[in-house]
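> Got a predicted structure plus its sequence, pasted below:
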Amino acid sequence: MSAHAAPRMHPLTGERLLAACDRAEGEHALLRAISLLAVALPEVDAEQLLQLSLAERNRLLLQLHRLSYGNMLDGYATCTACGAAMEFSLSITVALEGINSAQSPAFEWSEDGTPLRLRQVSTADLLATLHASSAEQAEIALLARCLELDMDVGCDAPSATAYATRPSVREHFEHLHANSELRCNLRCPDCAHSERWELDLAHFLWLKTRHAAHRLLADIHTIALHYGWSEAAIANMSAPRRDAYLELLSA
């Protein structure tokens, strides 16, 4: 999806919000983010979304949050030292600047005379490693999927799986994805413990969407009981219009 021909992204509101929640509810955690984006970007093929790098996927998730819920990521984290709840607030504008400054989609170098190319990981790559026999095997399989070898090096050259066990490949992989995830420094207000915290953006947006959908259903239930209007009619009202009717009912 090139920047000059980007498809229109729709906010998760009204019936689109309910459809997104229904679609993602029973899916694997890795697929929920793809389902939310698929509803917001109906012109984009789901397979194309699965092949997006995590940096690109997260950039779209941030844009979807800003369009649907506003420009601030507000939430809570738990202190690992004392268990206290910590509030955090992160500007999506700032978060996008960090992701947009990420390394290029791939890194190229040579090792033992063999040209190597390591690309960024995608959701499809992560899904392909779910049934690995161990975390170590899953990591090797993931690195091997993202590693491309020059096909002209000859049949005696090590395979991608063999190269994936090398520390150098892991180091390049971590460097390539350094800015793909959201990280921030949090300081506990109770014990003053400081730690580097990573935000699971896909899970965060899913929880936000599920909460918004449940609140919308509650509003629809209340208004429908009193006025007899259909779910679609109430869902497609603007939020201020629904709030106005709810205020009248509570007066």
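Perfect, I can see it now. Model, not experiment: these values are computed from the prediction.
> For this structure, which segments count as strands?
Taking DSSP state E as the criterion, the chain carries its strands at 72-78, 85-91, 106-111, 114-119, 147-149, 182-187, 194-199.
> now the ones you listed in CSV, with mean pLDDT and distance to residue 13?
Backbone N, C-alpha and C define where each C-beta goes, glycine included. Compiled in CSV, the strands of the chain are given as follows (pLDDT from 0 to 100; distance: least, C-beta to C-beta, whole Å):
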stretch, mean pLDDT, distance to residue 13
strand 72-78, 87, 18
strand 85-91, 87, 22
strand 106-111, 90, 37
strand 114-119, 92, 35
strand 147-149, 89, 41
strand 182-187, 81, 24
strand 194-199, 84, 23
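> any chance of those in JSON lines, with distance to residue 246 and mean neighbour count too?
JSON lines is the format used below for the strands of the chain (distance: least, C-beta to C-beta, whole Å; neighbours: other C-beta atoms under 10 Å):
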{"stretch": "strand 72-78", "distance to residue 246": "23", "mean neighbour count": "14"}
{"stretch": "strand 85-91", "distance to residue 246": "27", "mean neighbour count": "13"}
{"stretch": "strand 106-111", "distance to residue 246": "51", "mean neighbour count": "12"}
{"stretch": "strand 114-119", "distance to residue 246": "49", "mean neighbour count": "16"}
{"stretch": "strand 147-149", "distance to residue 246": "55", "mean neighbour count": "17"}
{"stretch": "strand 182-187", "distance to residue 246": "34", "mean neighbour count": "14"}
{"stretch": "strand 194-199", "distance to residue 246": "32", "mean neighbour count": "13"}
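> Go through the ones you listed and name the closest to residue 29.
With C-beta to C-beta as the criterion, residue 29 lies closest to strand 194-199 of these, at 14.5 Å.
> Next, the angle strand 85-91 makes with the closest one.
An angle of 60 degrees separates the directions of strand 194-199 and strand 85-91 when computed by axes from the mean of the first three to the mean of the last three C-alpha atoms, to 10 degrees.
> Please, where are all the helices along the stretch 1-150 of the chain?
Counting by DSSP state H, counting those that start in this stretch, one finds helices in the stretch 1-150 of the chain at the ranges 14-25, 29-40, 46-50, 54-69, 92-100, 123-128, 135-146.
> Among the ones you listed, which comes closest to residue 224?
Comparing the helices of the stretch 1-150 of the chain by C-beta to C-beta, helix 14-25 comes nearest, at 13.7 Å.
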